[in-house]
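S.K.: Using only what follows, build the 3D model:
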Amino acid sequence: MIKINLDDKVRKNIQTEHFQDLNKRAKDTIKELIKTTKYKNLKHYICDKTGNIDEKKLKKLLIGSKSDLIEIIKIIGEIKLGKNDPFETLYTNFTKRVWSKSLMEKLNVRVCPYCNRLYTFTLGKEGIRPQFDHFFPKSLFSYLSVSLYNLIPSCGICNQKKQALDTKMNDFYYPYEDEFGYNVVFQTSSADNDFTYWTGTSDNFDIKLTCKDKNHNCKVNNLNEHLKIELLYKQHKDYVRDIIRNAVIYNDSRIEELMEQFPELFETKNELLNLVFMSFIEKENWGNRPLSKLTHDIYEEFKLFTSK
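M.R.: Numbering: from 1, shown residues only. Prediction:
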């Protein structure tokens, strides 16, 4: 739900290093595999008329965009991982090399982009890193096992729930391009119209995802069906109650008072709000702390009520 943002310089450097790390290794693996009938479609895609591997197509396979990968899938189709599959070995060896840890650090994905619930810190030297989710499952598209933009740093829960999913081309959130933004929001509701929870003293409410843009409906439905996002967020009622209480206590007048009282501590209102809610209210920082998107949405829902 949170987009992985990379500036152009970082993106280009990552692509260059990824290709350098895998160019020869992938080429050697593919040369052996295309000798077999199972990989005839891969051979058809990646070899030129002389039977040699086309460098441009290999580059597209390794560092191509999502649209490039979709194009490749349409040409090659499914090639499922087999027992002791060389592509699985290629991927496993990749995860053990220094570059895979360095890649995680350069991507700097601090919180799972699928759920925004769990930290995904990378400490390469300590062997700590998030899991790689294959957006297009390597179990079905083995030849995409080390494709840069098929590797999504994610938490173990999301990766486990999604790894068996046959991801369609455009009906699932793709973190390098897609995000909830302001079009999909978390909101509270009470089935029996008991609004005592609006003071933060009751948990008689529900937490739901609401689409403000119907173009997101399909992707949100799939996120709920396969990754159980809405169900997981329903477990955060205690956190939402704290947000509501803080919104009541730190209403607009109280925020203005604190800004005047501590001008040396806070340059902007958002800086103070981030401290109050121990999260990030501004959209560009939602990916830096768990539950930031939820925090923003619930605060926005209740600030109108508390400012009256």
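
S.K.: Please make it C-alpha for all contacts and neighbour counts, starting now.
M.R.: Fine.

S.K.: Where does the prediction get shaky in the stretch 101-250 of the chain?
M.R.: Residues of the stretch 101-250 of the chain that meet the criterion pLDDT under 70 lie in 164-170.

S.K.: And the helices in it?
M.R.: 156-162, 217-227, 229-233, 237-249 (DSSP state H, counting those that start in this stretch).

S.K.: Tell me the helices and strands packed up against the second one.
M.R.: Helices and strands touching helix 217-227, as assessed by 3 or more Cα pairs under 8 Å, 6 or more residues apart in numbering; DSSP states H and E, comprise helix 156-162, helix 229-233.

S.K.: for the last one, which positions count as buried?
M.R.: Put plainly, it is helix 229-233. Neighbour-count burial for helix 229-233 flags 229, 230, 233 (criterion: 16 or more other Cα atoms under 10 Å).

S.K.: Take stretch 19-37, keep the C-alpha atoms, and write them as CSV.
M.R.: What follows is stretch 19-37, C-alpha atoms only, in CSV (Å, rounded to 0.1, in the frame of the first residue of the first chain):
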residue,chain,number,x,y,z
PHE,A,19,23.1,-6.3,-13.7
GLN,A,20,26.9,-6.5,-13.0
ASP,A,21,26.3,-9.0,-10.2
LEU,A,22,24.0,-11.3,-12.2
ASN,A,23,24.9,-10.9,-15.9
LYS,A,24,27.4,-13.7,-16.2
ARG,A,25,25.7,-16.0,-13.6
ALA,A,26,22.3,-15.7,-15.3
LYS,A,27,23.8,-16.1,-18.7
ASP,A,28,25.6,-19.3,-17.7
THR,A,29,22.4,-20.7,-16.1
ILE,A,30,20.2,-19.8,-19.1
LYS,A,31,22.7,-21.3,-21.6
GLU,A,32,22.3,-24.7,-20.0
LEU,A,33,18.5,-24.5,-19.5
ILE,A,34,17.6,-23.6,-23.1
LYS,A,35,19.1,-26.9,-24.2
THR,A,36,16.1,-28.6,-22.7
THR,A,37,12.5,-28.7,-24.1
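
S.K.: Residue 199 is in contact with residue 242, correct?
M.R.: No. In this structure, residue 242 is not within contact of residue 199 by Cα atoms under 8 Å, at 10.0 Å.

S.K.: Look up the closest residue to residue 153, ignoring the ones flanking it.
M.R.: residue 132 (4.7 Å; Cα to Cα, 6 or more residues apart in numbering).

S.K.: contacting residues around the one you found?
M.R.: 151, 152, 153, 154, 159 (Cα atoms under 8 Å, 6 or more residues apart in numbering).

S.K.: Have a look at this protein and report its longest helix.
M.R.: If you go by DSSP state H, the chain has its longest helix at helix 8-33.

S.K.: Could you list every helix and strand that it packs against?
M.R.: helix 55-63, helix 86-96, helix 98-107.

S.K.: Go through the helices of the stretch 101-250 of the chain and pick out the most buried.
M.R.: helix 237-249 (a mean of 19; mean count of other Cα atoms under 10 Å).

S.K.: so how far is that helix off the chain centroid?
M.R.: 26 Å (Cα atoms, centre = their mean, to the nearest Å).

S.K.: what element comes up after it heading to the C-terminus?
M.R.: helix 252-261 (DSSP states H and E).

S.K.: Quick check: which of the helices of the stretch 101-250 of the chain is nearest to residue 295?
M.R.: The stretch from those with the least distance to residue 295 (Cα to Cα) is helix 237-249; that distance is 6.8 Å.

S.K.: helices and strands around that closest one, which ones?
M.R.: Partner elements for helix 237-249 (3+ Cα pairs under 8 Å, 6+ apart): helix 269-277, helix 292-306.

S.K.: can you pull the buried residues of the last one?
M.R.: Going back to what we said before, that points to helix 292-306. Neighbour-count burial for helix 292-306 [16+ other Cα under 10 Å]: 292-303, 306.

S.K.: So which of the residues you listed sits lowest on pLDDT?
M.R.: Note: of the buried residues of helix 292-306, the lowest pLDDT belongs to residue 306, at 56.

S.K.: Which residue would you name as the spatial centre of the chain?
M.R.: The centroid of the chain falls nearest to residue 113 when counting by Cα atoms, centre = their mean (2.4 Å).
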